[in-house]
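In: Take this sequence and fold it.
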Amino acid sequence: QAAVRMSSGSAQFAGGAGSKSGVIAESLAVGADGGAGNNSLIFTADSDQTVLSRASVVASSGAVIGYGASITSAGSSANAEAFGALGGDQNDIIRNAGSLSVLSDTGSTARSVSFVLAGASTADLTANAESEATGISGGEGFNDILNSGNLVVSANSRAVGSDATFVGAGVGSASRSGADTVSRATAFGIIGGNNQDIITNTGNIDVDARAGSFIYNSAAAGGVWVNSQTNSHVFSFMTAKGIASGASENDLVSNQGVIAVDLSSGAGNERTRAESYSGYGSPISVNSDAGAYAVASMNDLRAFGIEMGAGDGEIRNSGTVSVMMSTVASSVAETNPNGLSGADGSSTPIVGVSGGLLSAIEAVGGGDKVVINDGSIIAIMSPRAGATSIADADGVNIGSEPDAKSYSSIAMNNSRACGVDVGDGSGGVGSSG
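Out: Predicted coordinates:
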């Protein structure tokens, strides 16, 4: 486990003040590593193993100045990887008859605050979090993998940003803040390699990947001919697979047990909020404009119960394969300029969810695939999105009216859910389940 915290700050009465902080945390955990050569890795029925990799990081930056310019920036990055069993580069026999839990968890937080009594203020931040968890990885070579026990794999990722900039008073001054967060979560139950794989499950495989990002971004400026602007972007990427045999010839994947795959946004979901205020607290403010731009994006989401790559192969299911994808993306943008003349506000929240693929059985790579289903298949995709835009321009019409403009955009496209997808090969699908 790795946990890192860094803070930086500066204070000055006049002139210029700046503060910058950046920190990285990485963690790697491996339960059993076969290494080079032929290997046999055996987890007996009485074994109870937990592999945990966790990385958390907090970066904070702040600056205070009486008169002049202030610039702050904060960056945080957390990466965690966890593997239950690694087969290596040659032929491997791997058996799990016990209880094997593989958990990867990351948390990345960045805070940036800039305060100027009179002058200009800028605050920026980036926060990145990435988690990857794999239960059993056969590696290269021929792999013979059997799970007859209980295999639980979970990857959780959270990226949080808090950004604020403030100018108390000024003439022709600006208050600007920018924030970006990225979270990635990848979870695999069993992975084969690029040579022949025989993978069998008669037990339980439970795989989940969760990624969530959150930003709170605020900018305020008081005075005459002042401007405040906020820009926020959050991105989430998630992949969860029960069994992935890789790209090779004559793979055989057989499920006689239960495979459950769950891909969802984090407990806080993915959301961003940008607030921008101009002419704040200045009754004689003129031409005080405020803009807020907020983007929440989820792209290339993948959730597969059983996946077979390129090459000829066969998939047999006489058990249960359940795959669920439930995501929420939301964005809020709010502006509130104040002034005697020309107080203009513009708010734009944008939400994009695209490129999601969900299949209980996915076998679309090149080659001839045969899929035989005598069991149960459940495939549910439930993406949701919301955008809220608020613009409120307050002032008196003296030569130029205060204007408020509000825009919202939600795009959800290029997503699909399938029970069985075998692509364009000359194989076939047989189902009595």
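
In: drop to CA atoms for contacts and neighbour counts, all remaining ones
Out: Fine.

In: For residue 318, give me phi and psi.
Out: The phi and psi torsions at residue 318 (degrees, to the nearest 10) take the values phi -120, psi 10.

In: Excluding chain neighbours, what is closest to it?
Out: The shortest distance from residue 318 to any residue that is not its chain neighbour, by Cα to Cα, 6 or more residues apart in numbering, is 4.0 Å, and that residue is residue 375.

In: Also residue 42?
Out: Nearest non-adjacent residue to residue 42, counting by Cα to Cα, 6+ apart: residue 95, 4.8 Å away.

In: what sits up against whichever strand or helix holds residue 144?
Out: Residue 144 is located in strand 143-147, with elements delineated by DSSP states H and E. Outside strand 143-147, the residues that touch it by Cα atoms under 8 Å, 6 or more residues apart in numbering are 91-97, 138, 192-193, 195-204.

In: What is the neighbour count of the residue nearest to residue 42?
Out: For residue 95, the number of neighbouring residues by other Cα atoms under 10 Å comes to 21.

In: Quick one: mean pLDDT over the helix or strand hosting it.
Out: Counting by DSSP H and E, the element that carries residue 95 is strand 92-96. Strand 92-96 carries an average pLDDT of 91.

In: Repeat that for stretch 71-79.
Out: Per-region confidence: stretch 71-79 scores 86 on mean pLDDT.

In: do stretch 344-360 as well
Out: Per-region confidence: stretch 344-360 scores 84 on mean pLDDT.

In: May I see the buried residues of that stretch?
Out: Burial within stretch 344-360, assessed by neighbour count using 16 or more other Cα atoms under 10 Å, is assigned to 344-354, 356-360.

In: which residue ranges form the strands in the stretch 201-350 of the chain?
Out: With DSSP state E, counting those that start in this stretch applied, the stretch 201-350 of the chain shows strands at 204-221, 227-244, 251-255, 258-265, 270-278, 289-299, 302-307, 313-317, 320-339, 344-354, listed in chain order.

In: can you put those in JSON lines and add distance to residue 418?
Out: As requested, the strands of the stretch 201-350 of the chain are arranged in JSON lines below (distance: least, Cα to Cα, whole Å):
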{"stretch": "strand 204-221", "distance to residue 418": "18"}
{"stretch": "strand 227-244", "distance to residue 418": "14"}
{"stretch": "strand 251-255", "distance to residue 418": "18"}
{"stretch": "strand 258-265", "distance to residue 418": "14"}
{"stretch": "strand 270-278", "distance to residue 418": "25"}
{"stretch": "strand 289-299", "distance to residue 418": "18"}
{"stretch": "strand 302-307", "distance to residue 418": "10"}
{"stretch": "strand 313-317", "distance to residue 418": "15"}
{"stretch": "strand 320-339", "distance to residue 418": "10"}
{"stretch": "strand 344-354", "distance to residue 418": "16"}
